[in-house]
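Chemist: heads up, no residue letters with this:
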């Protein structure tokens, strides 16, 4: 009797401990948080894309007053505005001028900004801090008060109605910001790399060009993109300094569709869409480095 009871007692299953409660790792979002995040990103994307989509939609309207009645465009969509701009305007002259000015501004501006930022980041010379603040101070002057004196200076130098005038002007606008940006990025590169280059026999210029610049590619990409869009979008100086209509940039060419008594908004919209193509292409070329360059440059001051 006791043996049977003992066997039954041993056969009884032992109570199982409750499964441990899963704790969410730090940084991991719950379903609600993920849904809110993705919903916010979708809304932000729609807000950003809405003006572009609206501009493209207006460019498909054949009449200049279609923007007043956008509902009527859907029934008469056409690409005739694009064919008119490409065939009956100086669009390709504008494109050539814009690319010359934008690429010249990008190459010269990034080079000057990179050398300036590197010098301030690595070297300690009298006034190195003041130099950066002076560059920042130049951004405080409105463009309107600079047009007349700059026009007189360029007129004396014989640079009016030349691409060099716009390249120099755009560099004075873009270099200060780019120098600050690249200085912050160079600060994130260990100084030991410079010392290693000098131990290997490199000159300061050799260290800069062969070691530092390849590591600073993301920062250079951001500076290049900023210089490029600054040159493409500049209007005031391009309108004042360019007298030959074959040398107009895109920003100035757009103004030819607007006169005192008339405005051809359909052609302007089509031209604006076409202008966005080279800018988008340049953005595509540098976009892999943009996020890294924008974030890394702010880790040290």
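Modeler: Everything's here; your move. Bear in mind that the values here come from a model prediction, so they are computed numbers and not experimental data. Numbers count the residues shown, from 1 in each chain.

Chemist: Quick check: residue 48 vs residue 161, distance?
Modeler: 38 Å (C-beta to C-beta, to the nearest Å). Every C-beta, even on glycine, is put in place using the N, C-alpha and C of the backbone.

Chemist: how many other residues sit next to residue 46?
Modeler: 10 (other C-beta atoms under 10 Å).

Chemist: typo on my end, it should be residue 238
Modeler: There are 25 residues near residue 238, going by other C-beta under 10 Å.

Chemist: I'd assumed residue 166 was in contact with it.
Modeler: Yes - with contact defined as C-beta atoms under 8 Å, residue 238 counts as touching residue 166 (5.8 Å).

Chemist: Which neighbours do these two have in common?
Modeler: 101, 249 (C-beta atoms under 8 Å, 6 or more residues apart in numbering).

Chemist: In the stretch 101-250 of the chain, where is pLDDT below threshold?
Modeler: By pLDDT under 70, the low-scoring segments of the stretch 101-250 of the chain are 128.

Chemist: quick revisit: neighbour-wise, which of residue 48 and residue 161 wins?
Modeler: residue 161 (12 against 9).

Chemist: so how far is residue 175 from residue 239?
Modeler: Taking C-beta to C-beta, one finds residue 239 at 22 Å from residue 175.

Chemist: same deal with residue 195?
Modeler: Relative to residue 175, and taking C-beta to C-beta, residue 195 is found at 28 Å.

Chemist: for residue 52, same thing?
Modeler: When residue 52 is compared with residue 175 (using C-beta to C-beta), they lie 29 Å apart.

Chemist: more neighbours, these two?
Modeler: residue 175 (25 against 12).

Chemist: how about residue 59, what does it touch?
Modeler: 81-82, 266, 269-270, 272-273.

Chemist: try it again with 10 Å
Modeler: Shown in contact with residue 59 (C-beta atoms under 10 Å, 6 or more residues apart in numbering): 66, 73, 78-79, 81-82, 85, 265-274.

Chemist: Weed out the non-buried ones from these.
Modeler: Neighbour-count burial (16 or more other C-beta atoms under 10 Å) applied to those gives 66, 73, 81-82, 85, 265-274.

Chemist: Nearest to residue 38 among the residues you listed?
Modeler: Proximity of the buried ones among the contacts of residue 59 to residue 38 (C-beta to C-beta) peaks at residue 273, which lies at 29.2 Å.

Chemist: Can you tell me the SS state at the closest one?
Modeler: Residue 273 falls in the helix class when you classify it by DSSP: H, G, I helix; E, B strand; the rest coil.

Chemist: ok, it to residue 192 distance?
Modeler: Taking C-beta to C-beta, one finds residue 273 at 49 Å from residue 192.

Chemist: Equivalent analysis for residue 266, please.
Modeler: On the measure of C-beta to C-beta, residue 266 and residue 192 end up 60 Å apart.

Chemist: Could you do residue 35 as well?
Modeler: 46 Å.

Chemist: and these two? which has more neighbours close in?
Modeler: residue 35 (11 against 8).

Chemist: In which helix or strand does the more buried one reside?
Modeler: helix 31-59 (DSSP states H and E).

Chemist: ok, then the element right after that helix?
Modeler: helix 80-88.

Chemist: Give the other helices and strands that that following helix contacts.
Modeler: Secondary-structure packing of helix 80-88 (3 or more C-beta pairs under 10 Å, 6 or more residues apart in numbering; DSSP states H and E): helix 31-59, helix 91-122, helix 265-296.

Chemist: Tell me the buried residues in the second one?
Modeler: Neighbour counts over helix 91-122 (16+ other C-beta under 10 Å) mark 91, 93-95, 97-106, 108-110, 112-114, 116-122 as buried.

Chemist: What of the shortest one?
Modeler: Of all the residues in helix 31-59, those buried under the rule 16+ other C-beta under 10 Å are 57-59.

Chemist: Put together TSV for the residues you listed, with pLDDT and distance to residue 212 on each row.
Modeler: Listed next are the buried residues of helix 31-59 as TSV, based on pLDDT from 0 to 100; distance: C-beta to C-beta, whole Å:
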residue	pLDDT	distance to residue 212
57	88	47
58	86	47
59	87	45
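
Chemist: So which of those residues is the closest to residue 284?
Modeler: Taking these together and measuring to residue 284 by C-beta to C-beta, the closest member is residue 59, at 21.5 Å.
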